[in-house]
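**Q** fold the following, please.
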Amino acid sequence: MKRRILILLFVCLLTLAMAACSTDGKNVNAETLTVGFDQDFPPFGYVDENGNYAGFDLELAAEAAKRLGMELKLQPIAWLSKDMELSSGNIDCVWNGFTINGREDSYTWTEPYMANKQVFVVNADSGIKTFEDLKGKAVVVQEDSSAEAALKGRPDLVESFGEYIKAADYNTALMDLESGAVDAVAMDEPVALYQMDKRGLKFTLLEEALAEEVYGVGFLLGNEELRDKIQKVLEEMAQDGTLAEISNKWFDKDVTIIGK
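**A** Sure thing, here's the model as predicted:
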C-alpha cells in the first residue's frame, strides 16, 4: 500500500515537472493580451528593418501587458477586418493610432491617451497651400480611416477634388505622392511627420487641419473588464512617468494627454 502511494506521488511530481519544463519557464496560466494593429502605420505599429514589429503603441501595449502579468501577442490585421477580428475573438483590442471620434458607440474605449489631427500632405514644391488649392487635384485617403471619416463630413471639399482615391495603406499613398501620381494625401499628422523625418521625404502639411481627434484603445463593445484593466495601467504609467518616457523615445516630446 505504501509502495503504491509512493509511486503515485512520484508520478504526480514527474507530471508537474514535465509541465513546468514544457513552458520553458513561462507561466502556462498567464492570460494572453492579443493586440490587433496595422503593420503599415509607423510610428504606431509597423515592421522595422530587422523584420520585428515595432512602434509607439506596441511599446505601450508591451508595458501594459507586463504590468498586468499577461503574455503579449501582436497580431497584424487588415484594417478593414478589425471588426471581424474583434468579434471572432482573434484579437482582444485594436491598439494602433485608433481614433475614437465618430466611433464612440461602436467599441468599448479607454479614455483618450493622445491627441491627433487629420491633415493634408503635399509635395513641398506643389504650390498647394490651402483647401481651395485642392480643387481639381487627385487626393488619396486610406480606406476606412479617420481621414476618410472626416472627409465624409466635408462633401463640398470632396466634390471639388479632381479625383478621390482610396488606398489600402498609407505607404502606397505616400509613394504615389512622392512619384507625382497623386497631389495630396489626407492622413494622421504624427504618421506624416514620422514618415517625412525617417524617409527624408520632401513633403509639407497644409496649415489648416481637416479634423482634430483623440486616440484610444478599442475593445469589443461590452468588454469593460479588460478595458478597465488597461485603463488602470495606463493611468499608472502616466503617473510614474512611463508614458512620457516612451513618448519622448518616439516623438522627442510628450504627446500623451492622460492626467493633463
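
**Q** could you find the closest non-adjacent residue to residue 73?
**A** residue 34 (4.4 Å; Cβ to Cβ, 6 or more residues apart in numbering). Any C-beta I mention is one placed from the backbone N, CA and C, and that applies to glycine too.

**Q** next up, the contacts around that neighbour.
**A** Counting by Cβ atoms under 8 Å, 6 or more residues apart in numbering, residue 34 touches 73, 75, 90, 91, 92, 93.

**Q** which of those residues are buried?
**A** Those of the contacts of residue 34 that meet the buried threshold are 91, 92, 93, by 16 or more other Cβ atoms under 10 Å.

**Q** and which of these is nearest residue 57?
**A** Top of the list for closeness to residue 57, among the buried ones among the contacts of residue 34 and by Cβ to Cβ, is residue 93 at 10.5 Å.

**Q** excluding chain neighbours, what is closest to the closest one?
**A** residue 219 is the one closest to residue 93 (Cβ to Cβ, 6+ apart), at 4.8 Å.

**Q** bridging residues for the residue nearest to residue 53 when sequence neighbours are not counted?
**A** In this structure, residue 53 finds its nearest non-sequential neighbour in residue 74, 4.8 Å apart by Cβ to Cβ, 6+ apart. Under DSSP bridges, the beta-bridge partners of residue 74 are residue 35.

**Q** still on that earlier bit, with secondary structure and distance to residue 144 added, can I get the buried ones among the contacts of residue 34 in JSON lines?
**A** Shown next, in JSON lines, are the buried ones among the contacts of residue 34 (DSSP: H, G, I helix; E, B strand; the rest coil; distance: Cβ to Cβ, whole Å):
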{"residue": "91", "secondary structure": "coil", "distance to residue 144": "16"}
{"residue": "92", "secondary structure": "coil", "distance to residue 144": "20"}
{"residue": "93", "secondary structure": "strand", "distance to residue 144": "17"}
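
**Q** quick check: buried residues in the longest strand along the chain?
**A** When every strand of the chain is counted residue by residue (DSSP state E), the longest turns out to be strand 114-123. Buried positions in strand 114-123, judged by neighbour count with 16+ other Cβ under 10 Å: 114, 116, 117, 118, 119, 120, 121, 122, 123.

**Q** who are the packing partners of that strand?
**A** Here strand 114-123 touches helix 146-152, helix 170-179, strand 184-188, helix 189-199, strand 203-205, strand 211-215, going by 3 or more Cβ pairs under 8 Å, 6 or more residues apart in numbering; DSSP states H and E.

**Q** would you single out the least confident of these?
**A** Lowest mean pLDDT within the helices and strands packed on strand 114-123: helix 189-199, a mean of 89.

**Q** what does that one rub up against?
**A** 41-44, 97, 116-119, 121, 170, 174, 185, 201, 203, 205, 209, 251, 255.

**Q** ok, of those, which come out buried?
**A** By 16+ other Cβ under 10 Å, those give 41-44, 97, 116-119, 121, 170, 174, 185, 201, 203, 205, 251, 255 as buried.

**Q** do you know how far the residue nearest to residue 73 is from residue 66?
**A** With distances taken as Cβ to Cβ, to the nearest Å, residue 34 is found 15 Å from residue 66.

**Q** again with residue 243
**A** 14 Å.

**Q** please apply the same query to residue 116.
**A** Relative to residue 66, and taking Cβ to Cβ, residue 116 is found at 26 Å.

**Q** before we move on, the earlier item: just the buried ones among the contacts of residue 34 now: which is nearest residue 83?
**A** Of the buried ones among the contacts of residue 34, the one sitting nearest to residue 83 (Cβ to Cβ) turns out to be residue 91, at 10.5 Å.

**Q** circling back: switch the helices and strands packed on strand 114-123 over to a markdown table; also include distance to residue 50.
**A** Formatted as a markdown table, the helices and strands packed on strand 114-123 follow (distance: least, Cβ to Cβ, whole Å):
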| stretch | distance to residue 50 |
| --- | --- |
| helix 146-152 | 29 |
| helix 170-179 | 18 |
| strand 184-188 | 25 |
| helix 189-199 | 15 |
| strand 203-205 | 26 |
| strand 211-215 | 26 |
